[in-house]
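Undergrad: have a look at this prediction, sequence included:
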Amino acid sequence: QVQLVESGGGLVQAGGSLRLSCVASGRTFSTLGMAWFRQAPGKEREFVAQTRRSAYFTSYTDSYADSVKGRFTISRYNAENTMYLQMNSLKPEDTAVYYCAASIDNGPYDYWGQGTQVTVSS
């Protein structure tokens with residue numbers, strides 16, 4: 001089992017920045033694939049960014065949704081079992097509940113946090 005706890009959400013004006021954090025426990029963090037998803041009111045949950053172990057598990061590969069590419073940066077600090085999402089140049093359409101997710105051995109994202117609300121005002 002993997003437990004995930006997000007933090008860092010809040011209210012920010014358009015053009016501002018926020019940094020989300022996700023602390024994981026229950027498994028060796030460096031072996032986990034980690035991701036951020038978000039769900040806006042009335043919409044389905046969507047992928048935002050992920051950091052997963054590369055082939056041969058020698059490094060990590062990051063990827064982003066087109067809607068956030070160039071504005072958001074995903075990172076991880078294995079020594080503290082923490083993943084981050086630095087969000088810059090925020091837009092009102094970034095308003096959503098942001099969820100941290102984890103996968104084992106680059107499998108499906110089976111473990112989810114409780115979510116943290118991000119609200120961007122225009």
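TA: Ah, there it is. Numbers count the residues shown, from 1 in each chain.

Undergrad: tell me the contacts of Cys100?
TA: 4-6, 20, 22, 24, 34-36, 83, 112-113 (CB atoms under 8 Å, 6 or more residues apart in numbering). C-beta: built from backbone N, CA, C; applies to glycine.

Undergrad: so which of those residues belong to strands?
TA: 4-6, 20, 22, 24, 34-36, 83, 112 (DSSP state E).

Undergrad: the spatially closest residue to Ser59 that is not a sequence neighbour pairs with what?
TA: Among residues not flanking Ser59 along the chain, Arg53 sits closest, at 7.6 Å (CB to CB, 6 or more residues apart in numbering). On the basis of DSSP bridges, Arg53 is bridged to Tyr60.

Undergrad: neighbours of Thr119, how many?
TA: 15 (other CB atoms under 10 Å).

Undergrad: what sits against it?
TA: 9-12, 95.

Undergrad: can you redo the residues you listed as CSV with distance to Val120?
TA: Formatted as CSV, the contacts of Thr119 follow (distance: CB to CB, whole Å):
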residue, distance to Val120
Gly9, 11
Gly10, 10
Leu11, 8
Val12, 6
Thr95, 5
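
Undergrad: PyMOL command to pick out the buried ones of these?
TA: Of those, the buried ones can be selected in PyMOL as follows, counting by 16 or more other CB atoms under 10 Å:
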select buried, resi 9+12+95
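
Undergrad: tell me how far the ends of stretch 77-93 are from each other?
TA: By CA to CA, to the nearest Å, the extent of stretch 77-93 from end to end equals 28 Å.

Undergrad: same question for stretch 71-91.
TA: 10 Å.

Undergrad: mind listing what's buried in it?
TA: Going by 16+ other CB under 10 Å, stretch 71-91 has these buried residues: 72, 74, 76, 81-85, 87, 90.
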